[in-house]
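**Q** Make a model of this:
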Amino acid sequence: MTVLAAGLALLGSLFFALGAALQQFEAARTSPAVLGRLVRRPRWLLGGLSIAAGTALHVVALKYGPLTLVQPMGVASLLFALPCAAALQRRRPGARELAAAAVIATGLVGLVLVVPTHTGEPHLSTAEAVVLLAGASAAALALYVTARHASRAVRACLLATGAGVLYGATATLTRVLVDGEWEPWFLLAVPMPALLALALLQRAYAVGHFGVAFAALQVADPLTAVAFGALLLGEPLPTGPVSTLTALVAAALTAAGTAALARTTPMSPSHEATAP
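**A** You can find the predicted model right below:
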């Protein structure tokens, strides 16, 4: 069953990466890159279906294998995404580009593995849910405003980080809905940060630095979910010198890889680069 779980997780990562590459390909060619325009593009919708398929495969993989195996496999989507995006642009990914992605993936695996598994039932009060949504929205807004005055690579990183924060908030709410105690209005609240995240991510993709944007998303989403889980749900954080050191080294690798990727990944061709 473990081999099956690993295979499903890897296949899910491939679908997720392909979907992201397809959506970025269209976002970079749509001005402005807003959802109202993008949903009329078949290739962008196909990317959404591919992402949905990847997510479903990841969920099924969790039924056959432990989280400590499946989650690191999900990190492979970054390594799949760059070749997919390069193929759409009719070029070959550079060796330095793939090396930077591998460094980021290594750091992400390290971060995933040091987070302890929480088996308790999560609970989120109305006040805590408001704090969650308000905090994520404020952080995303601050990143959006800051991105307006940044260089293209930094802009893509900031916008995708904002999307990752909103996705992390969505994941936290979803975890409570699936496994814990919740208020009925949570069901209506879940789509809001998810839609805002999707819109912000398309802006990040439209800038043109796909590798940077996708890497920032891959980093911000799980870290935000872990942070909200620790602050609001009482979930544990890494403890002890070994776990702490591993987390610090993994974070440093992730940051260094993202910076290197910003310098090595070429701009995606587009009719017109859109500003946030």
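**Q** gap between the residue lying closest to Leu111 once chain neighbours are set aside and Ala163?
**A** Distances taken as CB to CB, 6 or more residues apart in numbering put Ala250 closest to Leu111, at 4.6 Å, once the chain neighbours are dropped. (Glycine included, C-beta is placed from N, CA and C.) In this structure, Ala250 and Ala163 are 22 Å apart, going by CB to CB, to the nearest Å.
**Q** Of these two, which one has the most company?
**A** Ala163 (30 against 20; other CB atoms under 10 Å).
**Q** and that one, what pLDDT?
**A** Predicted confidence (pLDDT) for Ala163: 96.
**Q** for it, what are its contacts?
**A** Going by CB atoms under 8 Å, 6 or more residues apart in numbering, Ala163 touches Ala140, Ala197, Leu198, Leu200, Leu201, Ala204, Leu217, Ala220.
**Q** I'd assumed Ala156 was in contact with Val207.
**A** Yes - counting by CB atoms under 8 Å, Ala156 is a contact partner of Val207 at 4.1 Å.
**Q** re earlier: which pair in the contacts of Ala163 spans the largest distance?
**A** The largest separation in these, counting by CB to CB, is between Leu198 and Ala220 at 14.2 Å.
**Q** Could you check which of these two has the larger neighbour count?
**A** Neighbour totals were compared for Leu198 and Ala220, and Ala220 leads with 24 against 17 (other CB under 10 Å).
**Q** Does the residue nearest to that one when sequence neighbours are not counted lie in a helix or a strand, and which?
**A** Nearest-residue entry for Ala220: Gly164, 2.6 Å, with adjacent residues in sequence omitted and distances by CB to CB, 6+ apart. For Gly164, the host element (DSSP states H and E) is helix 152-179.
**Q** right, and the residue nearest to Leu111 touches Ala105 too?
**A** No - Ala250 is beyond contact range of Ala105, at 10.7 Å (criterion: CB under 8 Å).
**Q** tell me the contacts of Ala213?
**A** When contacts are counted by CB under 8 Å, 6+ apart, Ala213 is found next to Gln24, Ala156, Cys157, Leu159, Ala160, Leu201, Ala204, Tyr205, Val207.
**Q** how about a cut-off of 10 Å?
**A** Counting by CB atoms under 10 Å, 6 or more residues apart in numbering, Ala213 touches 20, 24, 27, 81, 153, 155-161, 163-164, 201-207, 261, 265, 268.
**Q** Next: Thr170.
**A** Counted by CB under 10 Å, 6+ apart, Thr170 has contacts 132-133, 136, 189-197, 221, 224-225.
**Q** Report the residue spans of this structure with pLDDT below the cut-off.
**A** For the chain, the stretches with pLDDT under 70 are 1, 66-68, 117-120, 265-276.
**Q** any idea how far the nearest residue to Val39 once chain neighbours are set aside lies from Glu26?
**A** In space, and not counting its chain neighbours, Val39 is closest to Leu45: 6.6 Å by CB to CB, 6+ apart. Leu45 sits at a distance of 9 Å from Glu26 (criterion: CB to CB).
**Q** okay, the two: which has more neighbours?
**A** Ranked by neighbour count (other CB under 10 Å), Leu45 and Glu26 place Glu26 first, with 23 against 15.
**Q** Going by residue numbers, what spans are helices in the stretch 101-250 of the chain?
**A** 126-147, 152-179, 186-189, 191-207, 210-232, 241-264 (DSSP state H, counting those that start in this stretch).
**Q** Compare these and report which one is nearest to Leu4.
**A** Here helix 152-179 is closest among the helices of the stretch 101-250 of the chain (CB to CB), at 22.6 Å.
**Q** The closest one to helix 126-147, inter-axis angle?
**A** If you take axes from the mean of the first three to the mean of the last three CA atoms, to 10 degrees, helix 152-179 sits at 170 degrees to helix 126-147.
**Q** Now helix 152-179: buried residues?
**A** Neighbour-count burial for helix 152-179 flags 152-173, 175-177 (criterion: 16 or more other CB atoms under 10 Å).
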